[in-house]
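Student: Sequence and predicted model, in that order:
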Amino acid sequence: MTMHASIVNADVASIQKAAILLAEGKLVAFPTETVYGLGADATNDRAVAAIYAAKGRPQFNPLIIHVANPEALDGLIEWNETARLLAAQFWPGPLTLVLPRKKSCPVSLLASAGMDTLAVRIPSHPVAKQLLEAVKRPIAAPSANASGKLSPTTPIHVAESLYDKVDLILAGGKSQVGLESTVLNLTSTRPAILRPGGITREQLEKILGPIDIVSVAENTSLMSPGMLASHYAPNLPLRLNAMQAESDEGFLTFGPDILAKGGAQRLNLSPQGDLSEAAANLFTMLRQLDQSQLRGIAVMPIPNIGLGVAINDRLNRAAVR
Ligand code: TXA
Ligand code: MG
């Protein structure tokens, strides 16, 4: 089968090869601790355009720029004190900061969708780190899935939607966090979460004091044009906050589920009720329940605290038709 022909295990040689492909303007999917990314040289307009084409992504949705270390951002964005503080605390890790773009920033304007800000992140996955160190240039990387669909947390997920559109898939196991990074806007008067993700509001507020969470409606129109309401969607309709499932529904449960009834097939995000375990399993289990012989997927309520906020954000978007 040719389908998985482009998946290679990440090692020194394949990471080197991936870095060369990226420098040539090719697309490389690579693991991060949040989800797999579809990477391209952020300074190459054609390579960035190829990302939008491969994903079928609306061009107004800007991309996150990945680098290996804070110094690599000096030529790209205007640092401020808050950004320094958060970088020291949470990088490398699942946090994306939106900062003013430097006038001399070499990143393609297509990557930031013509805005004068730039979303930047330093991932912690060792393969991402080694790749970014080897390529020595900023890498634009959205999640490596067709636009609007479920994000990939394994190399097989990437192959399922992009195998003929990507030049290489670096395999580095299952993404540990399982949800995208938290996107935090630092260009507003008060820091504002544009997308809940792997770093919780509580973690950020410990450092920053009270911060805003921008609602989906506000987000869609202004701040983060990419935050389309419908997103992260399986093919089947989702029914949220369900305590029981029909015989033709898949059932995604959470915590002790002995009292939850029904479902043609049942998967538990975390029998112990652990929100990080649930986040790590979310996209994989939604994929597993997304079967053509079923009518829909029922989902048990998830507590809206900590990582539960990001989980509910993805579920709410996936439920929009
Ligand atoms: O965890 C992640 O962030 C993953 C991995 C691969 O790093 N990447 C990811 O990228 O989720 P993507 O393209 O699927 O999501 C990027 C989000 C979008 O919601 C987009 O609107 C927002 O970041 N964004 C990007 N640039 C922005 C900017 N300048 N201002 C506001 N929002 C921005
Ligand atoms: Mg995405």
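Tutor: Thanks, I have the structure now. Residues are numbered from 1 along each chain as shown. Ligands and ions are numbered 1, 2, ... in the order given.
Student: Leu132 and Val67 touch, don't they?
Tutor: Yes - the pair Leu132 / Val67 is scored as a contact, 6.0 Å apart, by CB atoms under 8 Å. For every residue, glycine as well, the C-beta is placed using N, CA and C.
Student: which residues are common contacts for these two?
Tutor: Jointly contacting Leu132 and Val67 under the rule CB atoms under 8 Å, 6 or more residues apart in numbering are Ile139.
Student: Buried by neighbour count: which residues of the helix or strand harbouring Arg287 qualify?
Tutor: Arg287 is part of helix 275-289, with elements assigned from DSSP states H and E. Under the neighbour-count criterion of 16 or more other CB atoms under 10 Å, helix 275-289 has 275, 277-287, 289 buried.
Student: Which helix or strand lies directly C-terminal to that helix?
Tutor: Taking DSSP H and E, what comes next after helix 275-289 is strand 296-299.
Student: Could you name the helices and strands sitting against that next one?
Tutor: strand 238-239, strand 249-253 (3 or more CB pairs under 8 Å, 6 or more residues apart in numbering; DSSP states H and E).
Student: among the ones you listed, which is the most enclosed?
Tutor: Mean neighbours per residue, mean count of other CB atoms under 10 Å, is largest over the helices and strands packed on strand 296-299 for strand 249-253, with a mean of 26.
Student: strands paired with that one, and their directions?
Tutor: strand 265-268 (parallel), strand 296-299 (parallel) (DSSP bridges).
Student: Go through these and name the closest to ligand 1.
Tutor: Of all the strands paired with strand 249-253, it is strand 296-299 that lies closest to ligand 1, at 21.4 Å by CB to the nearest ligand atom.
Student: Could I get the CA-only coordinates of the helix or strand that comes right after that closest one as CSV?
Tutor: Downstream of strand 296-299, the next assigned helix or strand under DSSP H and E is helix 308-319. Extracted in CSV, the C-alpha atoms of helix 308-319 (Å, rounded to 0.1, in the frame of the first residue of the first chain):
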residue,chain,number,x,y,z
GLY,A,308,-12.2,20.8,30.7
VAL,A,309,-12.6,24.3,29.3
ALA,A,310,-10.6,23.4,26.2
ILE,A,311,-12.3,20.0,25.9
ASN,A,312,-15.7,21.6,26.0
ASP,A,313,-14.6,24.3,23.5
ARG,A,314,-13.6,21.6,21.0
LEU,A,315,-16.8,19.6,21.7
ASN,A,316,-19.0,22.6,21.2
ARG,A,317,-17.4,23.5,17.9
ALA,A,318,-17.6,19.9,16.7
ALA,A,319,-21.3,19.9,17.5
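Student: In JSON lines, list the buried residues of helix 275-289 along with distance to Ala111.
Tutor: JSON lines is the format used below for the buried residues of helix 275-289 (distance: CB to CB, whole Å):
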{"residue": "Leu275", "distance to Ala111": "32"}
{"residue": "Glu277", "distance to Ala111": "33"}
{"residue": "Ala278", "distance to Ala111": "32"}
{"residue": "Ala279", "distance to Ala111": "27"}
{"residue": "Ala280", "distance to Ala111": "28"}
{"residue": "Asn281", "distance to Ala111": "31"}
{"residue": "Leu282", "distance to Ala111": "27"}
{"residue": "Phe283", "distance to Ala111": "24"}
{"residue": "Thr284", "distance to Ala111": "28"}
{"residue": "Met285", "distance to Ala111": "32"}
{"residue": "Leu286", "distance to Ala111": "28"}
{"residue": "Arg287", "distance to Ala111": "28"}
{"residue": "Leu289", "distance to Ala111": "34"}
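Student: how about the residues of the protein that lie near ligand 1?
Tutor: Proximity of the chain to ligand 1, by CB under 6 Å from any ligand atom, involves residues 32, 34-35, 37, 61-64, 94, 96, 98, 112, 115, 117-119, 121, 123, 141-143, 180-181, 183, 194-195, 223-227.
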